[in-house]
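Peer 1: got a predicted structure plus its sequence, pasted below:
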Amino acid sequence: QVQLVESGGGSVQAGGSLRLSCVASGVTASPLCMGWYRQAPGKERERVAFEEAGGRITYVDSVRGRFTISRDNAKNTLFLQMNSLKPEDTAMYYCAASWRYSCADSEWGQGTHVTVSS
C-alpha cells in the first residue's frame, strides 16, 4: 500500500525558509509525477510546484523564484525548498504522486502545515 508522508512544516517569520519533505513508501517504482499543493483556510487547493513525467517542472506564479522542487529518486523523496516566505504562503501543504504518464490518479499525503507570520 502506497503511503506519502510529509514533514518539515512549522511556523516561521516572513522572510524565513522551510524545507518540506515527502517520503513515498510501499512503492515498487519511483512515481512518474510528483508535486506539492497547498490549501489555505477558505481557499481552494492550488498546485504549487509540480514535476511531470519527463522532468518538466512548473510553479504557480506566486512562488516562482522563491520555491524549488526537487526529488531524490533513490529514496523516493520529494522536497520543496521554500525561501523568502510570505504570510500568504500560510497553508496546509500536501504532497501528491502519480505512477501514470498522464499524472492522473494521484496518491496524496496527509499534509504538513506552514504558518508564516509578519
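Peer 2: Okay, I see it. Numbering: from 1, shown residues only.
Peer 1: which non-adjacent residue is nearest residue 53?
Peer 2: Counting by CB to CB, 6 or more residues apart in numbering, residue 53 lies nearest to residue 32, which is 3.9 Å off, once chain neighbours are set aside. C-betas here are computed from N, CA, C, even on glycine.
Peer 1: list the residues that contact the one you found.
Peer 2: By CB atoms under 8 Å, 6 or more residues apart in numbering, the contact list for residue 32 reads 53, 98-101, 103.
Peer 1: what subset of the residues you listed is buried?
Peer 2: The neighbour-count test (16 or more other CB atoms under 10 Å) applied to these identifies 98-99, 103 as buried.
Peer 1: center of this protein - which residue?
Peer 2: residue 36 (2.4 Å; CA atoms, centre = their mean).
Peer 1: flag every buried residue along the host helix or strand of that residue.
Peer 2: Applying DSSP states H and E as the criterion places residue 36 in strand 33-39. By 16+ other CB under 10 Å, the buried positions in strand 33-39 come out as 33-38.
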